[in-house]
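**Q** have a look at this prediction, sequence included:
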Amino acid sequence: AQRVTQPEKLLSVFKGAPVELKCNYSYSGSPELFWYVQYSRQRLQLLLRHISRESIKGFTADLNKGETSFHLKKPFAQEEDSAMYYCALSPGGSRLTFGEGTQLTVNP
Amino acid sequence: KAGVTQTPRYLIKTRGQQVTLSCSPISGHRSVSWYQQTPGQGLQFLFEYFSETQRNKGNFPGRFSGRQFSNSRSEMNVSTLELGDSALYLCASSLAGVHQETQYFGPGTRLLVL
């Protein structure tokens, strides 16, 4: 069975500081990994996926198979980054297993 | 292009009743997935429908069921409601529900069981 763990429920940083949201997973195969974000009063939306190796809104995430991690990073946090962030895993197809989420607050 | 819509947005039911929730996917999307979100369990996968067939199912009791129509709209039904069924129910749609496809989520239906 697959499992996603986000160890921090709450994370608070100051504007301009680096931010890292941790995600660890357990899965026996080759997973597809995603980060989803939910801004206040908005829908859950895809932020980025590991296979694209892209940077969205300054965020990047690297899949580390040895450590089974997929941490989300941004070098300089902005106030508009305040949101709930979910790490998710898929064995393939549309079924997603989500972590419990990390509420990020960026203080001015 | 219009996003995923869910109706109703809010529902209050009592224990033992049944409820039907509706999801209209983005035009052209044929895969619809349902998730339950609660403070205690987080986001959990219920099931996925593609071309009117259930293609994937999560670990929920048989009281939770769904269906998909030929226009890809989907409904989920919960029978014999329990207090623990109080949750936000999200649906998500994608083109075909395959490898690395983006899923688009609806705003959710908030169900309260009294």
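**A** Happy to help now that I have it.
**Q** where does chain B have its least confident helix or strand?
**A** strand B:53-57 (a mean of 93; mean pLDDT, DSSP states H and E).
**Q** now what about it, what contacts it?
**A** Contact partners of strand B:53-57, identified using CB atoms under 8 Å, 6 or more residues apart in numbering or on different chains, comprise A:93-95, B:31, B:33, B:45-49, B:66, B:68, B:97. Using the backbone N, CA and C atoms, a C-beta is placed for each residue, glycine as well.
**Q** reformat the residues you listed as TSV; add distance to A:I51.
**A** As requested, the contacts of strand B:53-57 are exported to TSV (distance: CB to CB, whole Å):
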residue	distance to A:I51
A:G93	14
A:S94	15
A:R95	17
B:S31	18
B:S33	19
B:F45	20
B:L46	25
B:F47	25
B:E48	20
B:Y49	25
B:G66	29
B:Q68	27
B:G97	16
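**Q** ok, back up a step: parallel or antiparallel, list what pairs with the helix or strand following the least confident helix or strand of chain B.
**A** As assigned by DSSP states H and E, the chain's next helix or strand after strand B:53-57 is strand B:64-68. Sheet partners assigned to strand B:64-68 using DSSP bridges are listed as strand B:74-78 (antiparallel).
**Q** need the residues that contact whichever helix or strand comes after the strand it pairs with.
**A** Following strand B:74-78 in sequence order, the next helix or strand is strand B:87-94 (DSSP H and E). By CB under 8 Å, 6+ apart, the residues outside strand B:87-94 that reach it are A:44, A:94, B:4, B:6, B:21, B:23, B:25-26, B:29, B:31-38, B:43, B:46, B:72, B:74, B:76, B:101-106, B:108-111.
**Q** out of the residues you listed, which sit inside helices?
**A** Using DSSP state H, no member of the contacts of strand B:87-94 falls within helices.
**Q** among those residues, which ones are buried?
**A** By neighbour count, with 16 or more other CB atoms under 10 Å in any protein chain shown, the contacts of strand B:87-94 hold A:44, A:94, B:4, B:6, B:21, B:23, B:25-26, B:29, B:31-37, B:43, B:46, B:72, B:74, B:76, B:101, B:103-106, B:108-111 as buried.
**Q** from these, which ones fall inside strands?
**A** Counting by DSSP state E, these place B:6, B:21, B:23, B:31-37, B:43, B:46, B:74, B:76, B:104-105, B:109-111 in strands.
**Q** low-confidence ranges in chain B?
**A** Scanning chain B for pLDDT under 70 picks out B:1.
**Q** what residue is smack in the middle of chain B?
**A** By CA atoms, centre = their mean, chain B has its centre lying nearest to B:W34, at 3.2 Å.
**Q** thought that residue was touching B:E75?
**A** No - counting by CB atoms under 8 Å, B:W34 sits too far from B:E75 to count as a contact (9.6 Å).
**Q** quick one: common contacting residues for those two?
**A** B:C23, B:G66.
**Q** any idea of the mean pLDDT in stretch A:37-44?
**A** Here stretch A:37-44 scores 94 as its mean pLDDT.
**Q** give me the nearest residue to A:G16, chain neighbours excluded.
**A** Nearest non-adjacent residue to A:G16, counting by CB to CB, 6 or more residues apart in numbering or on different chains: A:F76, 5.3 Å away.
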